[in-house]
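[1] Build me a structure from this.
(chains A and B)
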Amino acid sequence: MTAKGSRPRVLIVDDYPDAREMYSEYLQFSGFDVVEATNGMEALQRAVDASPDIILMDLSLPVMDGWEATRRLKADKRTAGIPVVALTGHALAGISEGARMAGCDAFVTKPCLPEDLVKEIRRVLDETSSSRKGRRSGKYAKNSIH
Amino acid sequence: MPAALVGVGVRRHPTRRNGSATPYTGVPRVRVAVEAPSEEEQEQLVARVRLLEGFVGRTEVNDCTQYALQWLGEVMGLAQSLALVRPAGEQVLYASAHYGFRTSSASSFTVSLEDWGNPLLSAFSNRKQIFFPAPHSQADRRRRPSTPFEDAPFHVVPLGAPLAEEALGMLLVGGQDPLGPELHWFTAIFSQKLDQILRMQGLVEVDRKQGRERSLLHSIINAVSDPILLTDTEGRLLIANQRALMLFTASEEESEGRRGAVRMNNMLLSSALSSKAIEETGATRRELLLVNPVDGSDLVFELLSTITEDPRQGSGVVSILRNVTDLRRASEEIEENYRKMRIAEAQARAESDRLNLIIDSVADPIVVTDASGATSLMNEPAERLFTIPYEASAIEQRWVQANDAHFSSFIAGMLVSADQRRVGEIGLVDPKTGEAMPVEAIAGKILSEHGELTAVVTILHDQREAIEKATLYEQLKQASDELERKIQAATADIAQQNELLRRQAIELEQASALKSQFLANMSHEFRTPLNAMLGYTSMMLQGVAGPMPASAKRQLGRIESNGRHLLTIINEILDISRIEAGRMPLQVSRFKVPELLSEVRAELEPIILRSKLTVNLQIDKDVPPLTTDRQKVKQILLNLLSNALKFTHHGGITIAARRGRDRNVHLSVTDTGIGIAPADHEKIFEDFRQLDNSPTRAYGGTGLGLSICRRLAQMLDGRLTLQSQQGRGSTFTLVLPFKGRK
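    Numbers count the residues shown, from 1 in each chain, chains lettered A, B, ... in the order given. Predicted coordinates for the structure are as follows:
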């Protein structure tokens, strides 16, 4: 999947430690390499340093929110190719639209079970690799628990 | 031409010098010549011829006389001479010529024929020669007439034709010597010549006078604007003035029409003037119709003819025509005017009749009063007021009399006042009922052309109705005002309430928005811990942390299901707040119904299996594809199906799709469950409503599901209905418009 070995690397950005650590633990359990960040600014740094295959971005973040961070990631040549999955507890209309505008490739509403999140990450990664040379379709999926 | 004469004389008769030297020697020489024709006699003959030659061609008295005296002086040597001539018809003799006088007194010397005492006149009237010798005394001088000769002796010789009654004038010749025969010859010839000249002058004068008179006469008759003409007995025109010529003569150059008119006029005149006609009518005035030759119009003349008897010219007829065309026209006009007047009179009479009719038809009493105040006309309503009806009672009579008195005093006031119009109120009495009857009286004076008062017209208007109306109107107005006040008060009240409501609405809206925002925030806050709880539970159940005993797994299962239930509640609250905040977006697409229904059943398949109920799909073939928000339709159907599964214990559930008579699509979920009482059919759609509201209720759920479903249906322009019987089951039907959401 990537040059860094068989384990795809996921950058998890979330200021809520329980959620961040839970997803981190489960992702590692599920065979992913995980890098964490607690705010948007840190996320930008990690995205350059760690070169993740995919970024899981909570939108409500301190210092720099997820929308702004995503905009900057997509504006930076080094990170523009990394797919971003937005993750938020806000379910009101307009949130997902704002995320898409910022450049997010997928959108997931909390609460989201770890296994569902893994499914979504795999889907996005598959899609990205299959159309890496082409144009990203930016398909949205709403994998939340009903 | 005296100068020429002198010249000629000198040349032809050189002996004249002798003559002039001895003035009176000529006479003896003439006498000698008679006795024996000699050179002297020849000379005398030549002199005589010279005189006669001089007279030829002289037609002026003065000229001729001057020549004659010059001849006397030069031929006969008479140094001083003076000729006095009487002009025709005058009573004075004036000096027509003088010879040998230096003073101008000679030329201005005159003798009046009325100066009876003048001795010169005896020579004139008696026609004899008189000699006045030089005076010797003062007495002699007084007897002598005053002449240019002064004290010198002179002869007076009368001049005149031998047969004529009166002398023509006198010749005064200075000198002492008696007059010779040559002078007598001269006198005879001179008198003859003078007579000839004067006679000629008189004829010319008479002729001129006659000419003047004739032209005067002509201008007089031409000045008369009436045609005047003199005709002979045959009717031929002898004399005519311009006006007459215009009517009765036409030259060859004139137009045929004009000549025809003139011919006709002549014929008409001749027949009118025929002696027979004159005799028959006797009267000299007759009417004559002629044609105006200028424009062909008719001219009417009055012909005035008089027969004149003239011994020389024979009898004729003088006719004066007086143009009476205008007169005739005027008289016709008078007739026409008279006729018109008669018509106008008839019209006026008709007008008067009509006026009477009108006056009678007016409902208000009308009274016409003459200048003395006496009633000359009144209509029927007025009669009812002012005349005593047949068989009236005494009281009725009094009422009428009172009315009459009131009215009379009003009219009297009007008559003495200078007002042209007067409006007043009279307190009359209804003659039938005796009820007070105030009337408004409008009176107007009618004046003749000369400003004399001829009548007063009064119209009376019963005020009772007006007063009653005014009262009613006042009442109505008060009621209306009252009503208006009330309405205004009510309006103000309503406005106030509206304002209050508006504020409340705003407050509510704000509160609602706050609530929605709060709920949205709360939902986020709930989700975050719930996410971790559910996530870790799931991880534990998956054995991420290692294997678990079965009892722990069962307990973890309970945690998970309660967590999911809590999530459902949170989601439903979120949906409600989204809908209320208007932030529920619609994503319209076209989709097929059967697939959707299968999806719904598949989604709840685990629960269906657990419930052991049968869920059937019943889809009619004519159900068309829908164009609306698929997700929302699915959400509603999922909710309805999960409700049906929840409240049904036996039997089965049918999900049906059919096309209604209204062509809308009906999607229904029918169960054989516990059913809902009719009284609760509406309640179940309210927020947080479950029929069993107790804390220990048998069925879980937030109670928000149906409320959300109904709201979503409305968002899709559809509706959610219920048919149910308690204990028999329920049918919830989602009706969606065939054409989809607008």
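[2] Show me what secondary structure element comes after the one helix or strand in chain A whose mean pLDDT sits lowest.
    When each helix and strand of chain A is scored by mean pLDDT, DSSP states H and E, helix A:95-102 comes last, with a mean of 67. Downstream of helix A:95-102, the first helix or strand assigned by DSSP states H and E is strand A:106-109.
[3] List the strands paired with that next one, with their directions.
    Based on DSSP bridges, the pairing partners of strand A:106-109 within the sheet are strand A:84-88 (parallel).
[4] Just give me how far the partner strand sits from the chain centre.
    5 Å (CA atoms, centre = their mean, to the nearest Å).
[5] For that strand, list the C-alpha coordinates in CSV.
    What follows is strand A:84-88, C-alpha atoms only, in CSV (Å, rounded to 0.1, in the frame of the first residue of the first chain):
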residue,chain,number,x,y,z
VAL,A,84,-8.7,13.4,4.8
VAL,A,85,-11.7,11.8,6.5
ALA,A,86,-13.7,14.3,8.6
LEU,A,87,-15.0,13.1,11.9
THR,A,88,-17.4,15.1,14.0
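[6] Quick check: pLDDT value at residue A:72.
    You'll see residue A:72 listed with a pLDDT of 90.
[7] Also the one 10 residues further on?
    Residue A:82 is assigned a predicted lDDT (pLDDT) of 89.
[8] again, but for residue A:146
    Per-residue pLDDT puts residue A:146 at 44.
[9] Then residue B:154?
    pLDDT recorded at residue B:154 is 91.
[10] Quick check on it: phi, psi?
    The phi and psi values for residue B:154, taken as degrees, to the nearest 10, are phi -150, psi 160.
[11] Contacts only, for it.
    B:80, B:131-132, B:147, B:172-175 (CB atoms under 8 Å, 6 or more residues apart in numbering or on different chains). Glycine gets a C-beta too; all of them are placed from N, C-alpha and C.
[12] and the residue lying closest to it once chain neighbours are set aside, what does it touch?
    Counting by CB to CB, 6 or more residues apart in numbering or on different chains, residue B:154 lies nearest to residue B:174, which is 4.8 Å off, once chain neighbours are set aside. Each residue near residue B:174 by CB under 8 Å, 6+ apart is listed here: B:78-81, B:100, B:149, B:152-154.
[13] what's the lengthiest helix in chain A packed up against?
    Ordering each helix of chain A by length in residues (DSSP state H) puts helix A:114-130 first. With contacts taken as 3 or more CB pairs under 8 Å, 6 or more residues apart in numbering or on different chains; DSSP states H and E, helix A:114-130 sits against helix A:17-29, strand A:54-58, strand A:84-88, strand A:106-109, helix B:464-542.
[14] Now with 10 Å, please.
    Applying 3 or more CB pairs under 10 Å, 6 or more residues apart in numbering or on different chains; DSSP states H and E, one finds that helix A:114-130 contacts strand A:9-13, helix A:17-29, strand A:54-58, strand A:84-88, strand A:106-109, helix B:464-542.
[15] pLDDT weak spots in the chain?
    In the absence of a named chain, this looks at chain A. A:1-5, A:90-99, A:131-146 (pLDDT under 70).
[16] Let me rephrase: I mean chain B.
    B:1-37, B:103, B:163-164, B:275-284, B:310-313, B:687-704, B:739-742.
[17] farthest residue from the center of it?
    residue B:549 (124.5 Å; CA atoms, centre = their mean).
[18] returning to that earlier point: now the helices and strands packed on helix A:114-130 in a markdown table, with mean neighbour count and distance to residue B:65?
    Below are those laid out as a markdown table (neighbours: other CB atoms under 10 Å in any protein chain shown; distance: least, CB to CB, whole Å):
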| stretch | mean neighbour count | distance to residue B:65 |
| --- | --- | --- |
| strand A:9-13 | 25 | 175 |
| helix A:17-29 | 19 | 181 |
| strand A:54-58 | 27 | 172 |
| strand A:84-88 | 26 | 170 |
| strand A:106-109 | 24 | 169 |
| helix B:464-542 | 14 | 120 |
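[19] Just put the ones you listed in TSV and tack on distance to residue B:585.
    Formatted as TSV, these follow (distance: least, CB to CB, whole Å):
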stretch	distance to residue B:585
strand A:9-13	27
helix A:17-29	27
strand A:54-58	22
strand A:84-88	16
strand A:106-109	14
helix B:464-542	14
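[20] what are the phi and psi values for residue B:662?
    Residue B:662 has phi and psi values of phi -80, psi 10 when expressed as degrees, to the nearest 10.
[21] which residues touch it?
    Counting by CB atoms under 10 Å, 6 or more residues apart in numbering or on different chains, residue B:662 touches B:735, B:737-738.
[22] ok, now with 7 Å
    If you count contacts by CB atoms under 7 Å, 6 or more residues apart in numbering or on different chains, residue B:662 has none.
[23] Could you tell me how far it is located from chain A?
    32 Å (CB to the nearest CB, to the nearest Å).
[24] Any idea what the most centrally placed residue in chain A is bridged to?
    Closest to where the C-alpha atoms of chain A average out (CA atoms, centre = their mean) is residue A:56, at 2.1 Å. With DSSP bridges as the criterion, residue A:56 is bridged to residue A:12, residue A:85.
[25] residue boundaries of the strands in the stretch 1-150 of chain B?
    Assigned by DSSP state E, counting those that start in this stretch, the stretch 1-150 of chain B shows strands spanning B:81-85, B:92-99, B:110-112, B:130-132.
[26] Just after the one helix or strand residue B:713 maps to, pick out the following helix or strand.
    Applying DSSP H and E as the criterion places residue B:713 in helix B:705-715. Once helix B:705-715 ends, the next helix or strand along the chain (criterion: DSSP H and E) is strand B:719-725.
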